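J.: sequence unavailable; structure follows:
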């Protein structure tokens, strides 16, 4: 199978960091264990392609594996439509992994699907429910497999949460409290070129909206959002420092609960980890709590206290001077590639994956909430009745 990667940033290859990102390491691990033919990688700037290629050269040595991507653009310094050339040239069977700014998801994913590529898109699928509906319609017309890269569904901590709820062990859910934040270098440095087109809830909070839906299969009733602009606007970045969102949900049984999600991306650079994540779920028979930052600690003279996440995407030694990547970030990409191979071989149909994977249809609930959050922010914290957003959930479920 051939794979097209559209995007060359931090999540793809760790650009701007000492690491290697997540997408590229996952491709190597797929090559290690499964069939992989050729890799096609598209960016908008030749300079970013050159930075990515340095990561490839280094990974080829570290992992004792060889990949030699075809890069686009080839003969120009800047081409925002280079992905079209890559998609047209990739031989079938093939799939696309799209890792670009949120506002480009509809256009680029739509083009990949129209060219009959199975497609994986990083979260959120799109900022508005209308864009998601359009993508679902294109996917249905072309009958290819399409999913959203909601990797937190594979975090064992969140799988334990889902099982605690589904089993009834903690009773009827009353409320969720979620805190999720990152260092201020994320909006100021790493995403500076497009950060004003998104917000911290759209970037971080959407993960846990999906986890709540994944764990409960509840539907949202109404949403309210409040945000603060302080540090970032002073640096010329017109986006929120922090956003707080309350959602009223209804379980399939008809019983209600609420969730409160607190997000920011202005944590100090001295924070012991890039992400600080905590979740608390209160039920009538018990509670589930997880500090998803506290997974281990490393203390050194040079770096002070660090709390890495060994479960997401980490490079481990194999005992023979080489390394391999493990974690639920890797597993998320590999699962998509494995599902595509099953669809291509005829062992599973696209429809059979509905309800089992974070498909485009499964992204409707998170997108309805995201759409409502952005509307509430624009209307100074007004409650938004989600059922008024064209009854999108009922349309596909």
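T.: Received, thanks. Source: prediction; values computed, not measured.
J.: going forward, measure contacts between C-alpha atoms and count neighbours the same way
T.: Noted.
J.: can you pull out the strands in the stretch 1-150 of the chain?
T.: Per DSSP state E, counting those that start in this stretch, the stretch 1-150 of the chain carries strands over the ranges 2-6, 39-42, 70-72, 94-98, 118-122, 146-149.
J.: what is the mean pLDDT for stretch 349-367?
T.: Regarding stretch 349-367, the rounded mean pLDDT is 97.
J.: re the thing from before, right, and the strands of the stretch 1-150 of the chain - which one's nearest residue 387?
T.: strand 146-149 (22.9 Å; CA to CA).
J.: quick one: list the elements packing against the closest one.
T.: strand 118-122, helix 328-345 (3 or more CA pairs under 8 Å, 6 or more residues apart in numbering; DSSP states H and E).
J.: neighbouring contacts of that strand?
T.: Strand 146-149 is contacted by residues 118-125, 139, 332-333, 336, 357-360, 363 when judged by CA atoms under 8 Å, 6 or more residues apart in numbering.
J.: now the following helix or strand past that strand: buried residues?
T.: For strand 146-149, the following helix or strand on the C-terminal side (DSSP states H and E) is helix 156-166. Across helix 156-166, burial judged by 16 or more other CA atoms under 10 Å covers 157-159, 161-162, 164-165.
J.: out of the helices and strands packed on strand 146-149, flag the one nearest residue 318.
T.: helix 328-345 (16.6 Å).
J.: can you give me how far the following helix or strand past that closest one is from the chain middle?
T.: Next along the chain after helix 328-345, taking DSSP H and E as the criterion, comes helix 364-378. With CA atoms, centre = their mean, to the nearest Å as the basis, helix 364-378 stands 17 Å off its chain's centre.
J.: cool, stretch 243-250 as well?
T.: 20 Å.
J.: buried sites along it?
T.: The neighbour-count check on stretch 243-250 (16+ other CA under 10 Å) flags 243-250 as buried.
J.: tell me which stretches of the chain form helices.
T.: 10-13, 23-33, 46-63, 82-89, 105-114, 129-142, 156-166, 185, 200, 206-216, 231-234, 328-345, 364-378, 392-396 (DSSP state H).
J.: taking those helices together, which one is wrapped up most tightly?
T.: helix 200 (a mean of 25; mean count of other CA atoms under 10 Å).
J.: dig out what the spatially closest residue to residue 92 that is not a sequence neighbour forms beta bridges with.
T.: Spatial nearest neighbour of residue 92, excluding adjacent residues (CA to CA, 6 or more residues apart in numbering): residue 2 at 6.9 Å. Residue 2 has these beta-bridge partners by DSSP bridges: residue 94.
J.: ok, residue 222 next?
T.: Bridge pairing for residue 222 - DSSP bridges - gives residue 248, residue 385.
J.: same check on residue 182?
T.: residue 275.
J.: count the residues that sit near residue 188.
T.: 17 (other CA atoms under 10 Å).
J.: residue contacts, it?
T.: By CA under 8 Å, 6+ apart, the neighbours of residue 188 are 232, 235, 237.
J.: can you list these in CSV and add distance to residue 104 and pLDDT?
T.: CSV is the format used below for the contacts of residue 188 (distance: CA to CA, whole Å; pLDDT from 0 to 100):
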residue, distance to residue 104, pLDDT
232, 23, 97
235, 25, 95
237, 19, 95
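J.: any idea which of these is closest to residue 135?
T.: residue 237 (30.0 Å).
J.: find the nearest non-adjacent residue to that closest one, please.
T.: That would be residue 196: by CA to CA, 6+ apart, it lies 6.2 Å from residue 237.
J.: quick one: the one you found and residue 239 touch, right?
T.: Yes - counting by CA atoms under 8 Å, residue 196 touches residue 239, with 5.4 Å between them.
J.: for the two, indicate the residue with more neighbours.
T.: residue 239 (20 against 16).
J.: do you know the pLDDT at the more buried one?
T.: Looking at residue 239, the pLDDT reads 97.
J.: need the helices of the chain in a markdown table (columns: distance to residue 353).
T.: Below are the helices of the chain laid out as a markdown table (distance: least, CA to CA, whole Å):
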| stretch | distance to residue 353 |
| --- | --- |
| helix 10-13 | 25 |
| helix 23-33 | 20 |
| helix 46-63 | 32 |
| helix 82-89 | 24 |
| helix 105-114 | 17 |
| helix 129-142 | 13 |
| helix 156-166 | 18 |
| helix 185 | 38 |
| helix 200 | 30 |
| helix 206-216 | 15 |
| helix 231-234 | 41 |
| helix 328-345 | 8 |
| helix 364-378 | 16 |
| helix 392-396 | 15 |
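J.: closest to residue 286 out of the ones you listed?
T.: Comparing the helices of the chain by CA to CA, helix 156-166 comes nearest, at 9.6 Å.
J.: for burial, what's the neighbour tally of the residue lying closest to residue 85 once chain neighbours are set aside?
T.: Using CA to CA, 6+ apart and skipping residues adjacent in sequence, the residue nearest residue 85 is residue 72, 7.6 Å away. Using other CA under 10 Å, residue 72 is surrounded by 26 other residues.
J.: do the same with residue 320
T.: Residues within reach of residue 320, counting by other CA under 10 Å, total 6.
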